[in-house]
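Peer 1: Following is a predicted model, sequence given first.
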Amino acid sequence: MSGSTFGTIFKLSTFGESHGKAMGGVIEGFPAGISLDVQLVQQELDKRRPGQSEVVSARNEKDEVEFLSGIFEGKSTGTPIGFTIYNNDQKSKDYSHLKDTYRPSHADFTYEKKYGLRDYRGGGRSSARETVCRVVAGALAKQALSQMNVRFSTYVIQIGNVKFESESFFDSALIEDSSVRCPDKKCS
């Protein structure tokens, strides 16, 4: 398994760079016959879209997914699902001053050591922009699991030394109300 492929039965392989033409992926192992609502996928993408708050990138991307294969008449076909999300607001020249400087808390140095080259334009493949592909795959998986009567919830429990300590019940609406997706108002 390479660094751009995740999973074994449900497998996502991603491609693209933060400042390239597009990000995208291929999902293998998705069951046939699952009713898919592309608007629900877009709603999940809208939650992670940059430019929405002070805790995310100011980059203004629409993050509109285009499905290329594996879906016919609103249902999964059982064949690989291919998708693309075009980059529209990349400003590579904004990063030219970083050509010879590693950014603290970014993967620039590690990426160069691993691959022997460095894409300083926003981190290339090591950019958080790459997560857009995981959101698409997760949104599709969420729909499949829902049709199999599997329910779940995810949320952030810790960022740095700020930690959500409670294991007691909480209202899941608090997750959606938080800019960092933590159900504890004290941590948000």
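Peer 2: All right, it came through fine.
Peer 1: burial count for residue 88?
Peer 2: 13 (other CB atoms under 10 Å). Every C-beta, even on glycine, is put in place using the N, C-alpha and C of the backbone.
Peer 1: my read is it is in a strand, agree?
Peer 2: No: Residue 88 sits outside any strand when classified using DSSP: H, G, I helix; E, B strand; the rest coil, being coil.
Peer 1: so where do the helices sit in the protein?
Peer 2: With DSSP state H as the criterion, the chain has helices at 38-48, 108-115, 131-147, 173-177.
Peer 1: What separation do you get for residue 172 and residue 181?
Peer 2: 11 Å (CB to CB, to the nearest Å).
Peer 1: Looking at the two, which one has more neighbours?
Peer 2: Taking other CB under 10 Å, residue 172 and residue 181 do not tie; residue 181 has more neighbours (15 against 11).
Peer 1: What residues of the helix or strand bottoming out on mean pLDDT in the chain count as buried?
Peer 2: Taking mean pLDDT, DSSP states H and E as the measure, the chain has helix 108-115 as its least confident helix or strand, at a mean of 75. For helix 108-115, a neighbour-count test (16 or more other CB atoms under 10 Å) marks 108, 111 as buried.
Peer 1: now that helix: how far from the chain's centre is it?
Peer 2: Offset of helix 108-115 from its chain centre (CA atoms, centre = their mean, to the nearest Å): 21 Å.
Peer 1: Also stretch 32-43?
Peer 2: The chain centroid and the centroid of stretch 32-43 are separated by 16 Å under CA atoms, centre = their mean.
Peer 1: just stretch 36-47 next, same as before
Peer 2: For stretch 36-47, the separation from the chain centroid amounts to 12 Å (computed by CA atoms, centre = their mean).
Peer 1: What of stretch 29-43?
Peer 2: Taking the mean of its C-alpha atoms, stretch 29-43 sits 16 Å from the chain's own mean (CA atoms, centre = their mean).
Peer 1: now the end-to-end length of it.
Peer 2: Length of stretch 29-43, first residue to last, CA to CA, to the nearest Å: 23 Å.
Peer 1: Give the rounded mean pLDDT of that stretch.
Peer 2: The average of the pLDDT scores along stretch 29-43 is 96.
Peer 1: Please apply the same query to stretch 140-155.
Peer 2: Stretch 140-155 shows a mean pLDDT of 91.
Peer 1: end to end, how far does that stretch reach?
Peer 2: Taking CA to CA as the measure, stretch 140-155 stretches 18 Å from start to finish.
Peer 1: Begin at 744, not 1, for the rest of this chat.
Peer 2: Sure, I'll start numbering at 744, so the last one becomes stretch 883-898.
Peer 1: tell me which residues in it are buried?
Peer 2: Of the residues in stretch 883-898, 883, 884, 885, 886, 887, 898 count as buried by neighbour count, 16+ other CB under 10 Å.
Peer 1: residues touching the closest residue to the second one other than its chain neighbours, list them.
Peer 2: Closest residue in space to residue 884, ignoring its immediate chain neighbours: residue 753 at 6.4 Å, by CB to CB, 6 or more residues apart in numbering. Contacts here follow CB atoms under 8 Å, 6 or more residues apart in numbering; on that basis residue 753 touches 770, 771, 772, 773, 880, 884.
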